[in-house]
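J.: Sharing a sequence plus its predicted fold:
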Amino acid sequence: MLRGILLELSESPAVASWVLRNGMSRRVARRFVAGEELDDAIAAARACNQAGMHVSLDFLGENVGSEAEARRVRQMYYGVFDRIAAEKLDANVSLKLTQLGLDLSEPLCEELLGSIVAHAAGHGNFVRIDMEGSPYTQRSIEVCTRAREKSSAVGTVVQAYLYRTEEDVKGLLAAGCRLRLCKGAYKEPASIAFPEKKDVDANFVKLMKLLLASGIYHGIATHDPAMIDATVQFAATQRISKDKFEFQMLYGIRTDLQQQLVRDAYQMRVYIPYGHDWFPYFMRRLAERPANLAFFLRSLVRR
Ligand SMILES: Cc1cc2nc3c(=O)[nH]c(=O)nc-3n(C[C@H](O)[C@H](O)[C@H](O)COP(=O)(O)OP(=O)(O)OC[C@H]3O[C@@H](n4cnc5c(N)ncnc54)[C@H](O)[C@@H]3O)c2cc1C
């Protein structure tokens, strides 16, 4: 229930503006967000690279309200790819289609995505389309599949909590798409998503096996030791070598496990979010773990 309340609050502009004005919230959010500027993200990426980890940079923002804003986001991503190349970082980019105007116009969104993917490909780099809530699932898959027909420099994310995902995975694999598998971070009804963690976990393992057996390079995104063990075991029994897939985790979460996987010679990618619009992302992280909320509330009271 608490998870549901936090996820609902994550979409409230009033709560967002209160929290964003609060200096202590900003400091607490820094546990999960590299900072508000690209320089902050670049510094965090460099530190991860030095620790033997790949990176995906995410300029925080979703559901832009105008075409001009969506076009500004595109320019900004051009700059991110140029900066990654100039600094010789091992980093790609994760973005959200509602940040590129999916709510406003699908053709606009496709145009902007297409030019970002072409820019990334020009640098030999890669764009990952994050998966948002279920109102966007079908459109995101369609936009990604069409973009993938034009360039292999794009892939997307699948969420183990949705009943539909196994079918989606089969279609996306047939299209040669690189995927990130995660459990899913949004509030979804039981009519479309497994309500019980054990069922989400079982589906995650089932999907992980489909991905690893496909021969395409995918990302297994989880902090859950049981999911990681299942992946490690499956890869070992199928003789899938450690360079044929990667684990992915979020910045600031289970850093110990990230380092352990690097020591064990697995590929590890850290997802580094940055930007001013950190509130919805931060709330989703609080919703995932009640202890995070307790820590946040204690910090506010101690001010
Ligand atoms: C790289 C990456 C990209 C992602 N991209 C997307 C996306 O595009 N769309 C989407 O819907 N979701 C995305 N997610 C979020 C994902 O769907 C889950 O909500 C999140 O990863 C928590 O699930 P889990 O697999 O870690 O397992 P859980 O069962 O939730 O957690 C397992 C353990 O991990 C640790 N943990 C998990 N979350 C936290 C936290 N917030 N704070 C502290 N500890 C924590 C705890 O120790 C917990 O016991 C992404 C996750 C990762 C790692």
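T.: Cool, got the structure.

J.: Residue 39 in helix, strand or coil?
T.: Secondary structure, DSSP: H, G, I helix; E, B strand; the rest coil: residue 39 is helix.

J.: Contact residues of this protein facing the ligand?
T.: Residues of the chain found near the ligand (C-beta under 6 Å from any ligand atom) are 130-131, 157, 159, 182-186, 221-224, 227, 248-250, 253-254, 271, 285, 288-289, 292. In short, each C-beta sits where N, CA and C put it, glycine included.

J.: Show me what the longest helix seen in the chain is packed up against.
T.: Using DSSP state H to define each element, the chain has its longest helix at helix 67-86. Judged by 3 or more C-beta pairs under 8 Å, 6 or more residues apart in numbering; DSSP states H and E, helix 67-86 is in contact with helix 38-50, strand 54-59, strand 91-95, helix 106-122.

J.: and these as TSV, adding mean pLDDT?
T.: Output for these, formatted as TSV (pLDDT from 0 to 100):
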stretch	mean pLDDT
helix 38-50	97
strand 54-59	97
strand 91-95	98
helix 106-122	98
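
J.: Quick check: mean pLDDT of stretch 3-16?
T.: In this model, stretch 3-16 has an average pLDDT of 79.

J.: Now it: buried residues?
T.: Neighbour-count burial for stretch 3-16, counted by 16 or more other C-beta atoms under 10 Å, picks out 6, 7, 9, 10, 11, 16.

J.: Residue 135 - how many residues pack around it?
T.: 12 (other C-beta atoms under 10 Å).

J.: Could you do residue 50 as well?
T.: With other C-beta under 10 Å as criterion, residue 50 counts 8.

J.: separation between it and the ligand?
T.: According to C-beta to the nearest ligand atom, to the nearest Å, residue 50 and the ligand sit 19 Å apart.

J.: quick one, what contacts that residue?
T.: With contacts defined as C-beta atoms under 8 Å, 6 or more residues apart in numbering, residue 50 is in contact with no residue.

J.: switch to numbering from 881
T.: Okay, using 881 as the starting number, the last item reads as residue 930.

J.: From residue 1129, how far off is it?
T.: 17 Å (C-beta to C-beta, to the nearest Å).

J.: So which residues make contact with the longest helix of the chain?
T.: 918, 922, 925, 937, 939, 941, 944, 971-973, 975, 979-981, 984-985, 988-989, 992, 995-996, 999-1000, 1003, 1005.

J.: how does it look with 6 Å?
T.: 944, 971, 973, 979, 980, 981, 992, 996, 999, 1000, 1003, 1005 (C-beta atoms under 6 Å, 6 or more residues apart in numbering).

J.: Give me the buried entries from these.
T.: By 16+ other C-beta under 10 Å, the contacts of helix 947-966 give 944, 971, 973, 979, 980, 981, 992, 996, 999, 1000, 1005 as buried.
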